[in-house]
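Enquirer: quick check, what structure comes out for this input:
(2 chains)
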Amino acid sequence: MANRLDGKVAVVTGGGRGIGRGIALLLAAEGASVVVNDLGCEVDGTGSSRVPADAVVSEIQDRGGQATANYDNVIEMAGGESVIQSASDAYGKVDILVNSVAIIKDRMIYQMTQEDWDEVVNNNVKGVFTPTRFACILFRQQRSGRIVNLTSDAGLGAVGTSNFSAASEGIVGLTRTVARDMGRYGVTCNAVSAMARTRLFPGLVSEYREGGAGLTPEDVAGIGPSPAVIRWEGAGSPDDPENVAPLAVLLCTDSIPDVNGYVLGIRGGSIYLYSNPQIERSIHKLGQYTMDEMDVLVPKMIATGMGN
Amino acid sequence: MGDRLTGKVAIVTGSGRGIGRGVAMLLAEEGASVVVNDLGGNLDGTDASASPADEVVAEIRSGGGTAIANHDSVATYTGAGGIVKTAIETYGKVDILCHVAGILRDRMVFNMSEEEWDAVLAVHLKGAFNTVRHVVPYMIDQRYGRICLFSSGSGLGNTGQANYSAAKEGMVGFARSLSRELVPHGITVNAIYPGGQTRMTGSVPDTARELRAARGVIGGGQMAGRALENSQESRDPGNNAPKVVYLCTEAGGQITGQVIGTSGWPMTLYSSRHVIRSIHKDGRWTLDELEDIVPSALVAGLVNPAPPPQPEGEGPTA
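Expert: Purely as a prediction, here's the structure:
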């Protein structure tokens, strides 16, 4: 067992399966005591079960690590408070929070119900907010902390998943602001856009991304489609959710403290740094634009090269 | 009066004041029939009043334009249904939706209450879903639509606005995906980063701005290259209107799925977040490898937008 995180305490929400499980395992392997939180619900957010969290705790303990299970529902404020409190109760403090809960309810907008929207946005964004809000109280007091929020590139533009897109990019906005609320206390908060085969995205990453008309989020991000043939050496496969853990855990260590408020990405053996949105084109005038000026200037200067 | 929008019907939420009012008035000046929606509440969303929306309608009408007031709340699904119903029953259709309605409940994240979170997400982001969901069937039917969802540079990172930043950047993700889905139906969707001196921005105390500056907190908008406005006239909220209204014209349909800045004098186009650096390996990374390569290759030169204060005796303290 390595020891980068000896003496640290980590909370991983959604740590019972998929990407969260992989992160919990690696945090524990690095010496952290881990609270594995998982409601144990279905992909659409229904139901609950203690099995996923318990299974990961057993796995960690079998490998000689420290872990306890927690089953709180972090969509609720009380759940967010409780999961942080339980870490405090079990291990005396919290150093690391990894938010890895998500559900999915894909629909075209004209078929999307209120519930489809509310459940995805609440689960995926409010589910990040509540444990963060309570962890930050402790982080502020102790002048240190690490927060990693799992998200996706759906918010770069994806068809049939506008609720998930809104939630995913909402997590990015939240990340950037928490980074600025907390940075001065020695805390970093970053987002990881992860592409892996999980319950939420059960196809091979390369297969899943095909079939949408026009550009995929990867195209927009500048990554492009997965290569048709991937040479892979060592453990797992390119689509394995455990591939995400090393990047997420790196962001939980002290090795890159200036990385605060950024979005990184991971797909298989590829790790990405995303830009902050920039002003790419602008038109200027000392005064309010007239509509006549808009008619001429916008197509020429702002909309250049836009195909629509 | 112009005629770019003659025969078109527009809904503008939050148009009783500030930026929304400016947009509604210019849409009407270009010949659109406008539903002026405003709950008429306080900046934090409490209370309600018919006056703001009614006054804007009166002003539009006295200028020869066509408008009707609506006082429903965008934050509820039925409220948004009421707004769209007003458009359909009064004018028979809807071509344009500008969702400008917004409230502020600023708080540092470690103090933010559930109510502060829920209220802001409800008006801004759920409000976007509610209004879009109700107009889309009509727009699809007629194979035409123009939707502008008002986001904010706060989505690029601010302090004391975890709720607002989440809602506002969520709006951007929503707009980008909606655009993909709806462009085949002749409907364009853009997100707006607006600005100006309004009731909302006026509520941010100068002390808060000074504190951010003194602590060296770099707003995401500054990182994006957004120049700080200086002149009083450039801060007139009406400056947003021509750029927004252009996007709502037929010609403006060339632009979709974009983030457009309309604050002050300039009109700007924002990039999306792109991959700018990458590292590759034909296998799973180990922490040893990442510790070696990431600091020098992937994250070299990245600036912490809110660094901790320097220890005593090493430069300015916060």
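
Enquirer: which stretches of the stretch 201-308 of chain A form strands?
Expert: A:263-267, A:270-274, A:279-283 (DSSP state E, counting those that start in this stretch).

Enquirer: near chain B, which residues of the stretch 1-150 of chain A show up?
Expert: Counting by CB under 8 Å from any CB of the partner chain, the stretch 1-150 of chain A comes close to chain B at A:2, A:4, A:26, A:30, A:77, A:108-110, A:112, A:114, A:117-118, A:121, A:125-126, A:129-130, A:132-133, A:136-137, A:139-140, A:143. All C-beta atoms are positioned from the backbone trio N, CA, C, and that covers glycine.

Enquirer: the residues you listed, buried ones only, as a ChimeraX selection?
Expert: Those of those that count as buried under 16 or more other CB atoms under 10 Å in any protein chain shown are selected in ChimeraX with:
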select /A:4,26,30,77,109,112,117,118,121,125,126,129,130,132,133,136,139,140
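
Enquirer: related to what we said a few turns ago, how about a markdown table for the strands of the stretch 201-308 of chain A, with distance to chain B and mean pLDDT added?
Expert: Output for the strands of the stretch 201-308 of chain A, formatted as a markdown table (distance: least, CB to the nearest CB, whole Å; pLDDT from 0 to 100):
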| stretch | distance to chain B | mean pLDDT |
| --- | --- | --- |
| strand A:263-267 | 6 | 96 |
| strand A:270-274 | 4 | 96 |
| strand A:279-283 | 4 | 95 |
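
Enquirer: how about the ones you listed in CSV, adding distance to A:T290?
Expert: Formatted as CSV, the strands of the stretch 201-308 of chain A follow (distance: least, CB to CB, whole Å):
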stretch, distance to A:T290
strand A:263-267, 38
strand A:270-274, 37
strand A:279-283, 13
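
Enquirer: okay, the ones you listed in JSON lines with mean neighbour count next?
Expert: Listed next are the strands of the stretch 201-308 of chain A as JSON lines, based on neighbours: other CB atoms under 10 Å in any protein chain shown:
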{"stretch": "strand A:263-267", "mean neighbour count": "24"}
{"stretch": "strand A:270-274", "mean neighbour count": "23"}
{"stretch": "strand A:279-283", "mean neighbour count": "16"}
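
Enquirer: buried set for stretch A:97-108?
Expert: A:97-107.

Enquirer: keep only those of the residues you listed that are in strands.
Expert: A:97-99 (DSSP state E).

Enquirer: what is the nearest of the residues you listed to B:E291?
Expert: A:V98 (18.5 Å; CB to CB).

Enquirer: so that closest one sits right up against A:A10, yeah?
Expert: Yes. Counting by CB atoms under 8 Å, A:V98 touches A:A10, with 6.7 Å between them.

Enquirer: what do those two both touch?
Expert: Counting by CB atoms under 8 Å, 6 or more residues apart in numbering or on different chains, the residues touching both A:V98 and A:A10 are A:24, A:27, A:252.

Enquirer: part of a strand, is the second one?
Expert: No. A:L27: not assigned to a strand; according to DSSP: H, G, I helix; E, B strand; the rest coil it is helix.

Enquirer: pLDDT value on it, please?
Expert: The score at A:L27 is 98. That number is its pLDDT.

Enquirer: strand A:270-274 and the biggest helix by length in chain A, what's the angle between them?
Expert: The residue-count maximum for a helix in chain A (DSSP state H) belongs to helix A:162-182. Angle of helix A:162-182 versus strand A:270-274, following axes from the mean of the first three to the mean of the last three CA atoms, to 10 degrees, is 70 degrees.

Enquirer: does helix A:162-182 come close to chain B?
Expert: Yes. Using CB under 8 Å from any CB, helix A:162-182 comes into contact with chain B via A:162-163, A:165-174, A:176-182.

Enquirer: now the angle between strand A:263-267 and that helix, please.
Expert: 130 degrees.

Enquirer: helix A:162-182: what's the following helix or strand?
Expert: Remark: after helix A:162-182, the chain's next helix or strand is strand A:187-195, criterion DSSP states H and E.

Enquirer: looking at chain A, which helix or strand is least sure?
Expert: helix A:205-208 (a mean of 50; mean pLDDT, DSSP states H and E).

Enquirer: what residues are up against the residue nearest to B:M171 when sequence neighbours are not counted?
Expert: Leaving aside its sequence neighbours, B:M171 sits nearest to B:S151 (CB to CB, 6 or more residues apart in numbering or on different chains; 4.3 Å). Applying CB under 8 Å, 6+ apart to B:S151 gives the contacts B:168-169, B:171-172, B:175, B:191-193, B:259.
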